[in-house]
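K.L.:
Prediction below, plus the sequence it came from.
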Amino acid sequence: MTYVLFVALLNLSLGMVAAVLLKRRLESPPAPEVKRRRRPKAKRLKGDLVSLNVKPVSASATSTAEPAEPVEKPPAAPITLPQEWQATLGDMPFTDLLEPAGWLLHKTAIELLTKVGKEASTVRDLAGAQAGDGQFTKISKLVTDCGELLRARTTQIDEALQAAGFQFGPLTSIAVRLESYLQQVRDELDNVDQGLANSSHSDERRAEHLADAYHGTARLLHDLRDQAEAIAVAVLAATGRIGDPATDSFRDANWSLPNRLDLERALQEWNEQNPGHERLASFVLYDVDQIRTFNEDLGLDKAEKILAAVGRIYHDGIRHNRGFDRIFRIGGQQYLLFLGDTSPQNAAFASERIRQALLQMTIRCENKTFQVSSAAVVAALQKTDTSETLLERLSLAIRRVKKTDVRSTVITHDGKVSPAEAKAYQLPGQVIEV
């Protein structure tokens, strides 16, 4: 009974509370109607374009904005070179370290070759019975002075590379190549020093050891001249400055033919004329066989005259009135033919004719006669070729050929070397006095 009474009272209380709440809700004023605001439509600005000084866009124009014109970077500021470098290179401005380093070594090699070449007769006299201590001292000092200058130059460049922390951006690979070559130069100088040490002993081989040191120095200087030029030209190619006429001042005055820099310019000209690479082009690399004999038996000066005569044979063997044919001297005893619009097979025919013309040449010097021969390798210009990749392919092939007795023109393709079709030409002989 008590439980039933409790439940009844609870229900009555809840009902009274609900009635009171309902009464209050009915007596309160209604809430004001809230209207949803619409976003205003964007105004058309066509009528205001005149006042904004903006030209209306035609309906045919694309909706994307035109890209802003690229802002040209200001030219890099010239760097300050050591005074010793400036004395050799002059006051030509440079914006990086690698190019002047290459030209410094190049010009140093040329200057030292001139000094070394003047003493060829003295070196030949060392083996004679009349050779005195004065002649030995003179050649020994010459070789020593060359070595000291080259060591100083390589050390200066090494220190500059280290100071720069090898931070050369896209030129870093060239910097590594330069550093590696500097070490190679020092290794060759060590070999020369060993020859000098052997020549200091008074024995029957004294003259032989000193002559070896002298000729080793000459070979090193020839290689340094060519490799340093290649490094400097690689920098010019990488920085888009092949056409800079100021670099012409670094040419070797002893060379009458176009050089490595001219090869880069010719390739650039060819690629501009042939942007789609549809036209064929072939290259022929010649390497003269007897250069060491000429240098050591006749001296550097007369050997250079012989090489100049060889260059004229190559020059006269190409077309000059039509086509895109060029001849370059890219190393002491190496010449390169650029034959535009020519297949490798046709380039091999042209090469063989020129190579056989060289065989018909007789060199007469100091009451002696010499024959000149050369190896010849043909390669087609590929779409992705640079001068570096092209010459690397040709040089690899010609080193393989020089190890054999093959002297007819060969063609290199896909790393393989194959003899080209050859025939004997009836060509007139000529005698050249040196």
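P.N.:
Cool, got the structure.

K.L.:
tally of neighbours for residue 272?
P.N.:
8 (other Cβ atoms under 10 Å). In short, each C-beta sits where N, CA and C put it, glycine included.

K.L.:
quick one: buried residues of the helix or strand that contains it?
P.N.:
Using DSSP states H and E, residue 272 sits within helix 260-273. By 16 or more other Cβ atoms under 10 Å, the buried positions in helix 260-273 come out as 260, 261, 262, 263, 264, 265, 266, 267, 270.

K.L.:
Show me what it is packed up against.
P.N.:
Here helix 260-273 touches helix 206-238, strand 325-329, strand 334-340, helix 387-402, going by 3 or more Cβ pairs under 8 Å, 6 or more residues apart in numbering; DSSP states H and E.

K.L.:
what about the first one, distance to the chain center?
P.N.:
Okay, so that is helix 206-238. 18 Å (Cα atoms, centre = their mean, to the nearest Å).

K.L.:
cool, and the second one?
P.N.:
Centroid separation for strand 325-329 versus its chain: 18 Å, with Cα atoms, centre = their mean.

K.L.:
And the last one, by the same measure?
P.N.:
Counting by Cα atoms, centre = their mean, helix 387-402 is centred 15 Å from the centre of its parent chain.

K.L.:
Dump the helix or strand just after it to PDB, keeping only the CA atoms.
P.N.:
Once helix 387-402 ends, the next helix or strand along the chain (criterion: DSSP H and E) is strand 410-413. Taking C-alpha atoms only, strand 410-413 is exported to PDB below (Å, rounded to 0.1, in the frame of the first residue of the first chain):
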ATOM      1  CA  VAL A 410      89.700   1.600 -89.700                       C
ATOM      2  CA  ILE A 411      86.100   2.400 -88.500                       C
ATOM      3  CA  THR A 412      85.100   2.300 -84.900                       C
ATOM      4  CA  HIS A 413      81.500   1.600 -84.000                       C
END
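
K.L.:
Report all helices and strands that strand 410-413 contacts.
P.N.:
helix 344-359, strand 374-380, helix 387-402, strand 416-419.

K.L.:
Touching it from outside, list them.
P.N.:
344-345, 348, 376-380, 393-394, 396-397, 401, 417-420 (Cβ atoms under 8 Å, 6 or more residues apart in numbering).

K.L.:
Could you list the buried residues of it?
P.N.:
For strand 410-413, by 16+ other Cβ under 10 Å, it's 410, 411, 412.

K.L.:
Out of the helices and strands packed on strand 410-413, which one sits most buried?
P.N.:
strand 374-380 (a mean of 25; mean count of other Cβ atoms under 10 Å).

K.L.:
avg pLDDT for it?
P.N.:
What strand 374-380 shows for mean pLDDT is 96.

K.L.:
so what does that strand touch, helix or strand wise?
P.N.:
Identification of packing neighbours for strand 374-380 by 3+ Cβ pairs under 8 Å, 6+ apart yields strand 281-288, helix 344-359, helix 387-402, strand 410-413.

K.L.:
Quick one: find the helix or strand in this structure with the lowest mean pLDDT.
P.N.:
Least confident helix or strand, the chain: helix 49-52 with a mean of 30, by mean pLDDT, DSSP states H and E.

K.L.:
Quick check: next helix or strand after that helix?
P.N.:
Helix 49-52 is succeeded, C-terminally, by helix 83-89 (DSSP H and E).

K.L.:
Just give me how far the helix or strand just after that next one sits from the chain centre.
P.N.:
For helix 83-89, the following helix or strand on the C-terminal side (DSSP H and E) is helix 98-117. Here helix 98-117 is found 18 Å from its chain centre; the criterion is Cα atoms, centre = their mean.
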